[in-house]
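Novice: this is the structure alone, sequence omitted:
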DNA sequence: ACCTGAACACCGTTCAAGT
DNA sequence: ACCTGAACACCGTTCAAGT
């Protein structure tokens, strides 16, 4: 399929060149991402895939960031929200939903990073927010606190994925990681006594164990921390 | 200064073209970032600034990501670690250090994002980790928990900056934000009852208030959440 | 209204050749 | 050893012109 994509494509090979639509563009983008990675989902590459010029895409998509956001929302359809409606403790079910969210992001590395930049606002993202809010409400978390808590939980999940994700795919990311572990292990007891004392403990634990611990700490933390009284005005984030 | 940079530069104008060094390259990179933003800190732009060709830089810097990481560590020198040694409750002092860290990141937007990708491992970053660990130790947090906690706290700070940062600079980022707020406000009571019920509460609070709340929740959370027993092996993150 | 060719203004990285 | 010219293989986005 990839070899095929490199050959110049004549009209005859694809007789029914489909009309451009936003949905068609996003679908093609998802396809290219699955086969070649998000870094290949460029306006030019996509135009080539759709047998047109890059300028044509701008009729349907404002820019590359918006395109990536659309891909993300598409993929968020795979988040297993039913985990929230299963039996058991609400905390465990919340953990299940968040874990499903992070698994989707882990599968598609670079996408988590673009989610931090271009905030998603599609239907599937809203469904996720709704599911988390429902679980927090079930757990008796006060509305204002739940409102801030959902942000905290999703930010943690998204940024953990953004951070971890690179390591698998990117060549240089593993080097960075190795550099960091090396430097932590070599910390001088003079300048960095606590780092030196902890040694390998700083690097201990598997990814999943740390992740679960993080989610649990966050849930406990938001249960324990009241939001300030002055939450009245619709306030914008600075 | 920028107009000047666009003019072709003859040898005579810069008679003592300094020898290339890694430190010199990083210093020039910081300068370009301050005046033109991180997105202009490219190998080619930097080579132009240093009056050479892009290939020359690869003798001292492995790639663009490494260059950005070096810039970040340089800037982390401005983090006010003395906040950790002042008087008062250890939690407040920890908050002070973390706030100083995030302020540095807020000043230089895109850098927080690259910190998520290319993990920093410079001296200044180690100093920061050391300072946070010292405060956690002072608060009586057990070593294993402090080891995981420092990651949690710094990840939250870094990703919050990465997320917020775009809004100020990037044109499209504000649009994304507007799209998200619009969509939250317009949520249907049928499909998204909790979102609809919360309304503006979801968007309530100023940036600093949310940030402080987040830090406080994290600290309370890590105090309340024991790490699993199986933390023995040096384990690698999956 | 929708689509596009062509252009503008860039990128990172490599490599053979020079000093 | 260090430095570089030139090339390879790309980018996003705009705009005037076409249908």
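Specialist: On my side now, so go ahead. Everything numeric in this text was worked out from a predicted model, so none of it was measured.
Novice: gap between the closest residue to residue A:110 other than its chain neighbours and residue A:69?
Specialist: In space, and not counting its chain neighbours, residue A:110 is closest to residue A:38: 4.0 Å by CB to CB, 6 or more residues apart in numbering or on different chains. The C-beta positions use only the backbone N, C-alpha and C, and glycine is treated the same way. Residue A:38 is 12 Å from residue A:69, where distance means CB to CB, to the nearest Å.
Novice: could you confirm whether stretch A:98-107 reaches chain B?
Specialist: No: judged by CB under 8 Å from any CB of the partner chain, stretch A:98-107 makes no contact with chain B; its nearest approach is 9.1 Å.
Novice: ok, stretch A:41-55 next?
Specialist: No: using CB under 8 Å from any CB, stretch A:41-55 never reaches chain B; the gap is at least 14.3 Å.
Novice: can you point out the buried residues in that stretch?
Specialist: Using 16 or more other CB atoms under 10 Å in any protein chain shown as the burial criterion, the residues of stretch A:41-55 that qualify are A:41, A:43, A:45, A:46, A:47, A:48, A:49, A:50.
Novice: helix or strand for the fourth one, which one?
Specialist: In this structure, residue A:46 is located in helix A:43-49 according to DSSP states H and E.
Novice: how far out from the middle of the chain is that helix?
Specialist: When distances are taken as CA atoms, centre = their mean, to the nearest Å, helix A:43-49 is centred 24 Å away from the chain's centroid.
Novice: name the helices or strands packed onto that helix?
Specialist: helix A:22-36, helix A:54-57, helix A:64-75 (3 or more CB pairs under 8 Å, 6 or more residues apart in numbering or on different chains; DSSP states H and E).
Novice: what's the angle between the longest one and helix A:64-75?
Specialist: Regarding helix A:22-36 and helix A:64-75, their directions subtend 80 degrees when assessed with axes from the mean of the first three to the mean of the last three CA atoms, to 10 degrees.
Novice: show me what helix A:22-36 packs onto, helices and strands only.
Specialist: Counting contacts by 3+ CB pairs under 8 Å, 6+ apart, helix A:22-36 is packed against helix A:43-49, helix A:64-75.
Novice: ok, the most centrally placed residue in chain A - contacts?
Specialist: Centroid-nearest residue in chain A, with CA atoms, centre = their mean: residue A:112, separated by 2.9 Å. Residue A:112 sits next to A:105, A:106, A:158, A:159, A:161, A:162, A:165 when contact means CB atoms under 8 Å, 6 or more residues apart in numbering or on different chains.
Novice: okay, these in TSV with pLDDT and secondary structure next?
Specialist: Shown next, in TSV, are the contacts of residue A:112 (pLDDT from 0 to 100; DSSP: H, G, I helix; E, B strand; the rest coil):
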residue	pLDDT	secondary structure
A:105	94	helix
A:106	91	helix
A:158	95	helix
A:159	94	helix
A:161	93	helix
A:162	91	helix
A:165	56	helix
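Novice: from these, which would you call buried?
Specialist: So, by 16+ other CB under 10 Å, the buried ones in the contacts of residue A:112 are A:105, A:106, A:158, A:159, A:161, A:162, A:165.
Novice: just to revisit the earlier point, who touches both of residue A:38 and residue A:69?
Specialist: With CB under 8 Å, 6+ apart, residue A:38 and residue A:69 have common neighbours residue A:114.
Novice: who has more neighbours, those two?
Specialist: Shown here are residue A:38 and residue A:69; by other CB atoms under 10 Å in any protein chain shown, residue A:69 has more neighbours (25 against 21).
Novice: does that one touch residue A:125 like I think?
Specialist: No: shown here, residue A:69 and residue A:125 do not form a contact pair, counting by CB atoms under 8 Å, at 9.2 Å.
Novice: isn't residue A:77 up against residue A:126?
Specialist: No: at 11.8 Å, residue A:77 does not count as touching residue A:126 under the criterion of CB under 8 Å.
Novice: these two: which is more packed in?
Specialist: residue A:126 (21 against 12).
Novice: can you give me the mean pLDDT across stretch A:129-140?
Specialist: Throughout stretch A:129-140, pLDDT has a mean value of 96.
Novice: let me redo that: stretch A:63-75
Specialist: What stretch A:63-75 shows for mean pLDDT is 94.
Novice: list the buried ones in it?
Specialist: Buried, per 16+ other CB under 10 Å, within stretch A:63-75: A:64, A:65, A:66, A:67, A:68, A:69, A:70, A:71, A:72, A:73, A:74, A:75.
Novice: going by distance to residue B:54, which of these wins?
Specialist: residue A:64 (23.7 Å; CB to CB).
Novice: out of the helices and strands in chain A, which is least certain?
Specialist: None of the helices or strands of chain A scores lower by mean pLDDT, DSSP states H and E than helix A:2-6, at a mean of 37.
Novice: isn't residue A:221 up against residue B:220?
Specialist: Yes: if you go by CB under 8 Å, residue A:221 and residue B:220 touch, sitting 4.7 Å apart.
Novice: follow-up on the earlier one: which SS state does the residue nearest to the centre of chain A fall under?
Specialist: Here residue A:112 is recorded as helix under DSSP: H, G, I helix; E, B strand; the rest coil.
Novice: I'd assumed residue A:84 was in contact with residue A:100.
Specialist: No: assessed by CB under 8 Å, residue A:100 is found out of contact with residue A:84, at 9.2 Å.
Novice: quick check, the strand or helix carrying residue A:152 touching DNA strand C?
Specialist: Residue A:152 belongs to helix A:143-169 when assigned by DSSP H and E. No: for helix A:143-169, no contact with DNA strand C is found by CB under 7 Å from any atom of the strand; the gap never falls below 13.3 Å.
Novice: from the chain's centroid, how far away is that helix?
Specialist: Its chain's C-alpha centre and that of helix A:143-169 lie 8 Å apart, by CA atoms, centre = their mean.
Novice: good, we can wrap up now.
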